[in-house]
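# Here's a sequence, model it:
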Amino acid sequence: MNAGARLYEEAAKTAAKGVRTLVTPEGAALNVKLASIGDRFGALVLDVLFIFLAIAAFGLFMAWVGSLGVPTLALIVWLLVFFGVRFFYFVYFEIAWRGATPGKRIVGVRVVDRGGAALTKEAVLARNFLREIELFLPMTLLLSGAGFGLGALISLAIFIWIVCLLIVPFINKDRMRAGDIVGGTLVIRQPKPILMEDLAASQTADGFAFTREHLAHYGAFELQTLEALLRRPPGPVRNDTMAAVHARIAAKIGWTRAEPSTEAFLRAYYRALREHLERQALFGLRKKHKHDEPQKPTAPEG
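From the prediction side, this is the model:
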């Protein structure tokens, strides 16, 4: 069996287990596990509960304001806040917490870019705008049908619309809802940030002098990706991938020295980056991803 056939067979096996392979901009492949439908539903229920509690608390405050003699203004303000919180809750947290909301964090899932790149604001806006069309807006119309004077046929059409969009994750292999399809996103199980000791202990940085500036470009996510690459069995695919990753890292950190061994460079960089991140973590400074703002050093490393 040739290398291409083996890779195809491995990809088919992992896909059947709900595992997908994302290729990062550095050229390294990362296997991620898709969030289950139950995970996604649980996270949504928690987030809706948090939104409801926030809106209910604000509603009590506005009811008190209305009791002071401005009930119409209080109702208008409450409605504006209701629609604003409902939409921007998801947008804010998925941007600020890099694909996670409070509900997603509790359940252990997050949103990622389907192409392996960093999650963009445009993707977050697109997937959450579609949530309004998929669920919240038609649900609001359905539950308020009497107040809007909607007939039975219109209410039935709205119900069918909700059901059709809710079954989308069940009929595609990546469990994407309509918002994920439009935004180019996946919802995955949160990878556990485990940095394994045995691989780090086998590395040597002899002959490589990496400065703090060289190591400030990457975080724990990239460290684990590099670890996965170094653990791959030898072969042409691994060698080509390592060469591409070596070139990208060297360009990123401004490393101009020619190295006789690509693997030696990557293993040395892995060890140095791991030690750097662990030293930072001792002081509560954690860089989870290369797109985090790099921590500015206050003193030279010993």
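# Okay, buried residues for the top helix by length along the chain please.
For the chain, the helix with the greatest residue count under DSSP state H is helix 37-66. For helix 37-66, a neighbour-count test (16 or more other C-beta atoms under 10 Å) marks 39-40, 42-44, 46-47, 50-51, 55, 59, 62, 65-66 as buried. (Each C-beta comes from the backbone N, C-alpha and C, glycine too.)
# orientation of whichever helix or strand comes after that helix relative to helix 37-66 in degrees?
Next helix or strand after helix 37-66 toward the C-terminus (DSSP states H and E): helix 71-96. Relative orientation of helix 71-96 versus helix 37-66 (axes from the mean of the first three to the mean of the last three C-alpha atoms, to 10 degrees): 150 degrees.
# elements contacting helix 71-96?
helix 37-66, helix 121-131 (3 or more C-beta pairs under 8 Å, 6 or more residues apart in numbering; DSSP states H and E).
# next one: it to chain centre, how far?
24 Å (C-alpha atoms, centre = their mean, to the nearest Å).
# wait, Leu215 sits on His276?
Yes. Leu215 lies in contact with His276 (C-beta atoms under 8 Å); the separation is 4.2 Å.
# From Leu130, how far off is the residue lying closest to Asn172 once chain neighbours are set aside?
Residue nearest to Asn172 in three dimensions, not counting chain neighbours: Ile181, with 7.9 Å by C-beta to C-beta, 6 or more residues apart in numbering. Using C-beta to C-beta, to the nearest Å, Ile181 is found at 8 Å from Leu130.
# now Glu122
13 Å.
# rewinding a little: give me the mean pLDDT for the longest helix of the chain.
Across helix 37-66, the average pLDDT comes to 87.
# Next, the angle from that helix to helix 121-131.
Inter-element angle recorded for helix 37-66 and helix 121-131: 80 degrees (by the same axes, to 10 degrees).
# The residue nearest to Asn172 - how many residues pack around it?
16 (other C-beta atoms under 10 Å).
# how about Lys33, secondary structure?
Secondary structure, DSSP: H, G, I helix; E, B strand; the rest coil: Lys33 is strand.
# contacting residues for it?
Lys33 sits next to Lys17, Gly18, Val19, Arg20, Ile188, Arg189 when contact means C-beta atoms under 8 Å, 6 or more residues apart in numbering.
# how deep is the closest residue to the fifth one other than its chain neighbours tucked in, by neighbour count?
Read that as Ile188. Leaving aside its sequence neighbours, Ile188 sits nearest to Val32 (C-beta to C-beta, 6+ apart; 4.4 Å). The number of residues packed near Val32 is 19, by other C-beta under 10 Å.
# what do you get for the one 4 residues further on?
Residues contacting Ser36 under the criterion other C-beta under 10 Å number 16.
# Give me the distance between the nearest residue to Leu75 once chain neighbours are set aside and Leu80.
Spatial nearest neighbour of Leu75, chain neighbours left out: Gly66 (6.9 Å); criterion: C-beta to C-beta, 6+ apart. Distance, Gly66 to Leu80, by C-beta to C-beta: 14 Å.
# cool, and Tyr269?
51 Å.
# Looking at those two, which is more packed in?
Tyr269 (25 against 10).
# Quick one: mean pLDDT over the strand or helix carrying Leu141.
Leu141 belongs to helix 137-143 when assigned by DSSP H and E. Average pLDDT, helix 137-143: 74.
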